[in-house]
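Peer 1: Structure, please.
(4 chains)
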4 protein chains.
Amino acid sequence: MKIKKVAIVGASGYSGEVLVQLLLNHPHAELVAVTSRQNAGQTLAQVFPKFASHPKSKMLRFVEPNAEVLAKQADVVFLALPHGVAAEYAVPLIAAGCVVIDLSADFRLKSADIYKEFYAHDHPAPELLKKAVYGLPEIYRDEIKKSLLIASPGCYPTSILLPVIPLLKAGLIKPAGIIADSLSGVSGAGRKAEIDYLFCECNESVRPYGVPKHRHLSEIEEQLSLAAGTPVVIQFTPHLIPVNRGILTTLYLAPSEHFSDAAGATKLGEKISATYQTAYANEPFVRLLEGNALPDTKNVVGTNVCEIAWRLDPRTGRLIVMSAEDNIVKGASGQAVQSLNLICGWPETVGLV
Amino acid sequence: MKIKKVAIVGASGYSGEVLVQLLLNHPHAELVAVTSRQNAGQTLAQVFPKFASHPKSKMLRFVEPNAEVLAKQADVVFLALPHGVAAEYAVPLIAAGCVVIDLSADFRLKSADIYKEFYAHDHPAPELLKKAVYGLPEIYRDEIKKSLLIASPGCYPTSILLPVIPLLKAGLIKPAGIIADSLSGVSGAGRKAEIDYLFCECNESVRPYGVPKHRHLSEIEEQLSLAAGTPVVIQFTPHLIPVNRGILTTLYLAPSEHFSDAAGATKLGEKISATYQTAYANEPFVRLLEGNALPDTKNVVGTNVCEIAWRLDPRTGRLIVMSAEDNIVKGASGQAVQSLNLICGWPETVGLV
Amino acid sequence: MKIKKVAIVGASGYSGEVLVQLLLNHPHAELVAVTSRQNAGQTLAQVFPKFASHPKSKMLRFVEPNAEVLAKQADVVFLALPHGVAAEYAVPLIAAGCVVIDLSADFRLKSADIYKEFYAHDHPAPELLKKAVYGLPEIYRDEIKKSLLIASPGCYPTSILLPVIPLLKAGLIKPAGIIADSLSGVSGAGRKAEIDYLFCECNESVRPYGVPKHRHLSEIEEQLSLAAGTPVVIQFTPHLIPVNRGILTTLYLAPSEHFSDAAGATKLGEKISATYQTAYANEPFVRLLEGNALPDTKNVVGTNVCEIAWRLDPRTGRLIVMSAEDNIVKGASGQAVQSLNLICGWPETVGLV
Amino acid sequence: MKIKKVAIVGASGYSGEVLVQLLLNHPHAELVAVTSRQNAGQTLAQVFPKFASHPKSKMLRFVEPNAEVLAKQADVVFLALPHGVAAEYAVPLIAAGCVVIDLSADFRLKSADIYKEFYAHDHPAPELLKKAVYGLPEIYRDEIKKSLLIASPGCYPTSILLPVIPLLKAGLIKPAGIIADSLSGVSGAGRKAEIDYLFCECNESVRPYGVPKHRHLSEIEEQLSLAAGTPVVIQFTPHLIPVNRGILTTLYLAPSEHFSDAAGATKLGEKISATYQTAYANEPFVRLLEGNALPDTKNVVGTNVCEIAWRLDPRTGRLIVMSAEDNIVKGASGQAVQSLNLICGWPETVGLV
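Peer 2: Residues are numbered from 1 along each chain as shown, chains lettered A, B, ... in the order given. Presented below is the predicted three-dimensional model:
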């Protein structure tokens, strides 16, 4: 299989770090460049001591980001940059013929207006929005294979979209009234020197934030609306939890079909089960839990897997769906590598198991 | 002020430990007995080294529980025992003229049938259910003062009832469709030697449990129904979070009054604000957050305070209310001492600030 | 008892926060001013939500630090500032007749030269060094009572000096070859926005730092030398541990008297025990552990207590002494309030139990 | 390369879990049996949900341990059992021609008497002690290759022996007076339902234990004595730290050569550096840190690497050496697989990177 040359722009954050880890060990990808303004000149081994045993870690040095140079070095470039900044690199890299896999929010929306509403600045490259594919392989596998610009989804959206989209597509739940209550590890805030994310501020602390209008709502609602075929507005509450990695999402959903006893639940449960089986039984990175098992972030951290379980409550007539993922792997860098594999025609799981 | 003699049955668990702490330092209560089958014979200082600086800790020894003996020693007896067991002690203690403050679930419900539905065994003393008062001082202050049997509320119920009851009573929210999503520290599981609560099983783990029918639902729904004047059925999902202490509850509520823009939110918000002010502005242990502040368990752990904040979401028409408390203080032992203060005619905050 | 007016300069760090907590609740002290450049204008309740239930928290506002103004407002001023900066305030405050209790390292050493060696800048007020008393009440109680300038000890030094000084003074251990291995919670690094102290960098991490010449060595060695009557040079290795608060120090000491069996250990042990009893049996804030008990930071966090236990090892002929304290209470702010109590002639434990 | 069939006896503890993980993914080993009395009948996927994505996890079921059956199924059997119990399985398995890799302490010592002194019961199979090889590949690589019974070292010993043995062999340090101060994650206590290891007892807690005579001393001292060519007695203090995995050891050593200034340190440092380079420059699982870097458990957790750094202190004339490893990987299961690779003639790093 032909080796592809890959580069990472913004490789010193938490997503960048996991991208480095995955790409250093990927059998078909050759990591040729990593950029970081603040670490330029240092080797991978110096910035990330945990990778120091990899032979390449002492040779590959961080460089200042330069789209022109990167375009000559790499076939595929990952952007692990803040929103607004990513687009600045995407434009010239795409123009130069690179495939771009962007982990920021810059190309996840179809509408520059909604981007502006949620991100509070004009979209930096609206003409590219049409070219971008939302990089959720379980939903857009075929489109990803053919795209040159992948907008890799956010961590919260992945934990919500994977469990909800099949139910909406099958018409099993009402598009209105969806509630997503999410708990995220602190790495989701990035490797930023801010008081709020100091150890002593997060340890022994549990807190909601961004209530009621978190930025990720924009891409979640756009994707749910596409699945439902009708505009979907949801309630989403993120919370910060003292773990390094992991997202646990609890979804409160209204089944289209009324039920109020065990028999009704059994009947509806069979449809839900069949829908999930059809959607995910063969997906390597979605794990449908069985029996009494419920998701637990410790069972997915370090993997590209999203766990899903559900319960029907005959007392309330509601469907509760719970998901767990590693916010930096399936919620960011692992998912981006999954797209890389698709684009390059490699087995989808290579480098990810 | 007359000193009252108090005893704790089952003082070696986490609630018992905090009760010991509060009562050792209470200016009007004299802790005369602590019981524990497994620690009988040991001093408080031996079982709880952190209290060893208190002069009494080296003199007071754990004894085997014996209702007859306790009834002679103490005016007020706290029961920090598992459900089912607590009633065995309550019956003779009450018969002997003691005031009983029970931290278990045994006397929280009015109906022995609902008790059996949720706790899976017959109620051990159904005749006492009528005598018991639900020990939530902010709601039942006057009744507590006159009662001989206090059923001190559970930790999850407190975090849900305090924010919801005033809204229901004021008719500001619909009684149907209430969702409570709660995150609890591990002390909520008690000091029990079980694999599930080992450090390595809880640390770096976030997980739901007891979905969809947790036992605490019974008392929550009974109390909400009383407040609403109509039967209330809610959705409740508890999660286990790697902190020692603290509960964070996020409530999804449907306002009775429709709103869908900022103006509507402002108008409705004034009513909510006024309702909470009326209910809690003078309550020493309820803190209504202002401005941008949201609850954070680290701001209430170690105190008897319940923090409350709320947001209206014009996009969904929903009211989000969030609360935080220490599950072992306001959610258990602090609240029980608050009842003690009321019963004894002492200032409600004595020994709690 | 006459109320004293107290102020805190630099009240927004972790030590400042605990000072605020202790002084807000101190029965004889009135907190009249808190300063912080970054929080000037905000109330205590806004900066520290956990104190919002205290009536004063909504009235007292942070102000810009101004020695002249403070000198008019307060009888006693606490300085919770970085080294080098503290002296700038101490000079005018002392000149204006205030008592100054300094939590920085600025006045802990007798020699301006050693200060320069360890802190890498000239001492800002060498003339004051002679006036300062090292604020370790268990050792310098009488001197503290008469002093106008208290140099309150560091957290590591307290955890080392309390267990070692009595042994040195009694001649039970050799002054040479002392090793102190210390483990500190992350609050010891202060509330500073630095990558190294982010939650994800500290959680699930254990690491030494400042090897082999940490700044605190200067005051530790000066104090040990005074106790031994001969120059003492020690080995000290601090480690960062993922807890919010607490220091655990393990000391490796060489007894003056040789022993190599259980009988020798028993004989020597009696002397050690008697020495510690003489030194600390009546000290309210030193807890000598008995039986099989060993120090555990969770038993001292939130208190002003330092726990001490020791073991003789006949296999090696060494004495192992272990101590635990809360780095922010007995290691900083609690100890400073202990000095306040002494200076003001109040009971030493007031406001600290 | 010929596939070997392997089995794990006692696969449900923390070491067993990591062994399962490593062997499920090992390219040359086929995991044919896992035993556990308590989980017999359940699949790997049920007991360890995190492995549920591996195709084999739903087919391989835990069975009751039976040496006769295992001997027919497997070429190599790993024993992840408590000491005393492991030998019961080793005897018949070896008799039946299996290679046994024992993770317990049962075969680590050469002397049954010392075993009895430290483990408080007679050695269950003293005749096998001569056949066993101490499974530290960096020291006993050649012997391991030829052995049928590997006594895989404990976690603390590995963290001490790897840094100390080369220095002793080179005569650079004195064999007397060695001090090892170790900090261990809670997984070191095993997956046992005991109050002491509950989340709330370990979180926000730092504590020494087993002072001054921990069982691991026996194997540490035996191995150091062999390296030194003279009996070595050391001081060893373990501490429990609130992390899941990782050991950080700080060693206090006395160089054979006196030095007391920077020049002396430079000269001696060159010898130490050369000694470590000779010993470990080509070792795949020992990482000698350079520059200002110090060990940090977070850089080795999840890997089979032991990090080592050292500092000379001209003030005390001492050498401080610090090491970090994952107590369950290099300190247990990874090291055992390293031995498997050696025995089978596979590349030593296969399945471990």
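
Peer 1: Tell me how far residue A:23 lies from chain D.
Peer 2: According to Cβ to the nearest Cβ, to the nearest Å, residue A:23 and chain D sit 15 Å apart. Bear in mind the C-beta positions are built from the backbone N, C-alpha and C, glycine included.

Peer 1: Shouldn't that residue be within a strand?
Peer 2: No - judged by DSSP: H, G, I helix; E, B strand; the rest coil, residue A:23 forms no part of a strand; its state is helix.

Peer 1: does the one helix or strand residue A:319 maps to come close to chain B?
Peer 2: Assessed by DSSP states H and E, residue A:319 sits inside strand A:318-325. Yes - using Cβ under 8 Å from any Cβ of the partner chain, strand A:318-325 reaches chain B at A:318, A:320, A:322, A:324.

Peer 1: Enumerate every residue touching the residue in the stretch 201-350 of chain A positioned nearest to chain D.
Peer 2: Here the stretch 201-350 of chain A gets closest to chain D at one residue, residue A:299, 4.2 Å apart by Cβ to the nearest Cβ. Residue A:299 makes contacts with A:307, A:324, D:49-50, D:52, as judged by Cβ atoms under 8 Å, 6 or more residues apart in numbering or on different chains.

Peer 1: Apply 7 Å and report the result again.
Peer 2: Residues near residue A:299 by Cβ atoms under 7 Å, 6 or more residues apart in numbering or on different chains: A:307, A:324, D:49-50.

Peer 1: that older thread, same list (the residues of strand A:318-325 next to chain B) but as JSON lines, adding neighbour count and pLDDT.
Peer 2: As requested, the residues of strand A:318-325 next to chain B are exported to JSON lines (neighbours: other Cβ atoms under 10 Å in any protein chain shown; pLDDT from 0 to 100):
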{"residue": "A:318", "neighbour count": "22", "pLDDT": "98"}
{"residue": "A:320", "neighbour count": "21", "pLDDT": "98"}
{"residue": "A:322", "neighbour count": "25", "pLDDT": "98"}
{"residue": "A:324", "neighbour count": "31", "pLDDT": "98"}
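
Peer 1: Confirm residue A:45 sits in a helix?
Peer 2: Yes - assignment of residue A:45 by three-state DSSP places it within a helix.

Peer 1: per-residue confidence at it?
Peer 2: The confidence metric pLDDT takes the value 95 at residue A:45.

Peer 1: residues in contact with it?
Peer 2: Residues near residue A:45 by Cβ under 7 Å, 6+ apart: A:51-52, A:57-58.

Peer 1: try 8 Å this time
Peer 2: Residue A:45 is in contact with A:51-52, A:54, A:57-58, counting by Cβ under 8 Å, 6+ apart.

Peer 1: shouldn't residue A:177 be in contact with residue A:256?
Peer 2: No - using Cβ atoms under 8 Å, residue A:177 is not in contact with residue A:256, being 11.7 Å away.

Peer 1: neighbour-wise, which of the two wins?
Peer 2: residue A:177 (20 against 15; other Cβ atoms under 10 Å in any protein chain shown).

Peer 1: Not counting sequence-adjacent ones, nearest residue to the more buried one?
Peer 2: residue A:254 (5.3 Å; Cβ to Cβ, 6 or more residues apart in numbering or on different chains).

Peer 1: Take the contacts of residue A:299 and write them to TSV, including secondary structure.
Peer 2: Formatted as TSV, the contacts of residue A:299 follow (three-state DSSP):
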residue	secondary structure
A:307	strand
A:324	strand
D:49	helix
D:50	helix
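
Peer 1: now the residues you listed in JSON lines, with distance to residue D:337?
Peer 2: Shown next, in JSON lines, are the contacts of residue A:299 (distance: Cβ to Cβ, whole Å):
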{"residue": "A:307", "distance to residue D:337": "27"}
{"residue": "A:324", "distance to residue D:337": "28"}
{"residue": "D:49", "distance to residue D:337": "22"}
{"residue": "D:50", "distance to residue D:337": "18"}
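
Peer 1: Out of those, the closest to residue A:213 would be?
Peer 2: residue A:324 (24.6 Å; Cβ to Cβ).

Peer 1: Pretty sure the closest one sits against residue A:297.
Peer 2: Yes - contact criterion Cβ under 8 Å: residue A:324 and residue A:297 qualify, at 5.0 Å.

Peer 1: what do these two both touch?
Peer 2: By Cβ under 8 Å, 6+ apart, the residues touching both residue A:324 and residue A:297 are A:246-248, B:206-207.

Peer 1: In strands only, show me these.
Peer 2: A:247-248, B:207 (DSSP state E).

Peer 1: if I pick the residue of the stretch 201-350 of chain A found nearest chain C, what's in contact with it?
Peer 2: Distances between the stretch 201-350 of chain A and chain C by Cβ to the nearest Cβ are smallest at residue A:202, namely 4.0 Å. For residue A:202, the contact set (Cβ under 8 Å, 6+ apart) comprises A:186, A:196, A:240, A:242, C:199.

Peer 1: Need the per-residue pLDDT for the closest residue to it other than its chain neighbours.
Peer 2: In this structure, residue A:202 finds its nearest non-sequential neighbour in residue C:199, 4.0 Å apart by Cβ to Cβ, 6+ apart. On pLDDT, residue C:199 comes in at 98.
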